[in-house]
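Engineer: after the sequence you'll find the predicted model.
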Amino acid sequence: MSNKTRPWMNEELDMLRETARRFFLRECVPNEMRWREQHHAERELWNKAGARACCAPPCPRNTAAVAATSCMKR
């Protein structure tokens, strides 16, 4: 992806984007209809997403939510 259109994008964020895309295709797409019927996704999905840093960037546990942006800029 060209950084001309997204100057904030770097190699690390591009890798995260690709990881999240693959995770979504593998874990979410096949289960969409079942989740729609039950009105939620199972906890296992969120645990898997968290383990792959697809829910939130990896930050120290004591980092306040307000400081998450500065954590991402590292």
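Structural biologist: Cool, the structure landed. Numbering: from 1, shown residues only.

Engineer: how many residues are close by Asn47?
Structural biologist: 11 (other CB atoms under 10 Å). The way it works is simple: take the backbone N, C-alpha and C, and place the C-beta from them, glycine included.

Engineer: measure it to Thr19 for me?
Structural biologist: Using CB to CB, to the nearest Å, one obtains 16 Å as the distance from Asn47 to Thr19.

Engineer: what sits against Ile28?
Structural biologist: Careful, residue 28 is Cys; it's not Ile. 41, 45 (CB atoms under 8 Å, 6 or more residues apart in numbering).

Engineer: whoops, Glu27 was the one
Structural biologist: Applying CB under 8 Å, 6+ apart to Glu27 gives the contacts 45, 48-49.

Engineer: quick one: which of the residues you listed is nearest to Gln38?
Structural biologist: Checking the contacts of Glu27 against Gln38 with CB to CB, the nearest one is Leu45 at 12.0 Å.

Engineer: pLDDT averaged over the host helix or strand of that closest one - what is it?
Structural biologist: In this structure, Leu45 is located in helix 43-51 according to DSSP states H and E. Average pLDDT, helix 43-51: 88.

Engineer: send me it as PDB with only the CA atoms.
Structural biologist: C-alpha atoms of helix 43-51 as PDB (Å, rounded to 0.1, in the frame of the first residue of the first chain):
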ATOM      1  CA  ARG A  43     -16.500 -15.000  23.800                       C
ATOM      2  CA  GLU A  44     -14.000 -17.300  22.100                       C
ATOM      3  CA  LEU A  45     -13.900 -15.000  19.100                       C
ATOM      4  CA  TRP A  46     -12.900 -12.000  21.300                       C
ATOM      5  CA  ASN A  47     -10.300 -14.100  23.100                       C
ATOM      6  CA  LYS A  48      -8.800 -15.100  19.800                       C
ATOM      7  CA  ALA A  49      -8.900 -11.600  18.500                       C
ATOM      8  CA  GLY A  50      -7.200 -10.300  21.700                       C
ATOM      9  CA  ALA A  51      -4.500 -12.900  21.500                       C
END
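
Engineer: give me the contact list for it.
Structural biologist: Contacts to helix 43-51, defined as CB under 8 Å, 6+ apart, come from residues 23, 27-28, 31, 55-56.
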